[in-house]
Each structure stands twice: as C-alpha cells, then as structure tokens.
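Give the three-dimensional model of this entry:
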Amino acid sequence: QRAAALLCGPCPTGSEPAAMAAVSGGRAAGLECEVCRKAAEFVDKEVLEDPQIQKAVVKQLEDVCAQLPSPRIGNTTITEECDRLVEGNVAGAMAEAGKAVAARMCEDLALCAA
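Prediction:
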C-alpha cells in the first residue's frame, strides 16, 4: 500500500495502480519500474525542459565563460564566442538529455526490462 501511495497518493481501496498487479513473491519489480518511469518523466518535463531552469543553467555557464581568458579570435573574443555557444545550445541540449533520461534511465538502472 505504501508503494501504491507513491504513485497515486492515498489510493481509494481497490484502485491500486496497475503496477501493483506485477508485485508477486515479495518482489516489486513492476512497481519499481513504474515509479522509475514517473521519476524519469518528471526529470525530463519538469526539470530539463523547464525554461526557467534552462535560463538558470545558461546564466551559470555564462559566468564560466566570463572567467575564460579573452583574447580576440577574428572579430570576437573567446568569452563572446562561449556566450554565443551557451545561449544557442543549452536549451536544446537539455531537452535532448531529458528525452534520453526518459527513454533509457530505468532500463539502464535495471529497474525495467529493456
């Protein structure tokens, strides 16, 4: 019951998640997989694809860029080039990382069958 509460809060009697049906012989492999998938989906959608979090990551990386030496490369500096790369690629990279987490994390952790 406690494991079911992780998935749906206090479940009404008889409405345990389908994952509970996979619990047999004291093993909760189906439940572990379901909880992992929900966690992976949360990380993907609510963390790695969140625009506010992406902006915070960009800010942190721009702070790293600001600490780089700034010799000129053509018409730009290393810091300016770093900022350009960060601003242009972080959101897409985080979104792709989120999709990879959602797609593979639970199998890679051996919590779900591949």
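
Mind jotting down where the strands sit in this structure?
For the chain, applying DSSP state E gives strands covering 72-73, 76-77.

out of those strands, deepest packed?
Neighbour counts (mean count of other CB atoms under 10 Å) averaged over each of the strands of the chain peak at strand 76-77, with a mean of 14. In short, each C-beta sits where N, CA and C put it, glycine included.

and that strand, which strands flank it?
With DSSP bridges as the test, strand 76-77 is paired with strand 72-73 (antiparallel).

and the strand it pairs with, how far out from the chain's middle?
Distance of strand 72-73 from the chain centroid (CA atoms, centre = their mean, to the nearest Å) equals 36 Å.

can you check stretch 43-60 too?
Centre-to-centre, stretch 43-60 and its host chain are 10 Å apart (CA atoms, centre = their mean).

Which parts of it count as buried, going by neighbours?
Residues of stretch 43-60 classed as buried under the neighbour-count rule (16 or more other CB atoms under 10 Å) are 43-44, 48-49, 54, 57-58.

Mind checking which of those are in helices?
Within those, residues falling in helices by DSSP state H are 54, 57-58.

Quick check: residue 33 touching residue 107?
No - Residue 33 is not in contact with residue 107 according to CB atoms under 8 Å; the separation is 9.0 Å.

Identify the contacts common to those two.
residue 113 (CB atoms under 8 Å, 6 or more residues apart in numbering).

And the two? Which one has more around it.
Higher neighbour count among residue 33 and residue 107: residue 33, with 19 against 15, using other CB atoms under 10 Å.

mind checking pLDDT for the residue most central in space within the chain?
Centroid-nearest residue in the chain, with CA atoms, centre = their mean: residue 43, separated by 3.0 Å. Listed pLDDT for residue 43 reads 93.

How about residue 21?
So residue 21 comes in at 41 (pLDDT).

Which neighbouring elements make contact with the top helix by length along the chain?
Longest helix of the chain, by residue count under DSSP H: helix 78-108. Applying 3 or more CB pairs under 8 Å, 6 or more residues apart in numbering; DSSP states H and E, we find helix 78-108 packed against helix 29-42, helix 51-66.
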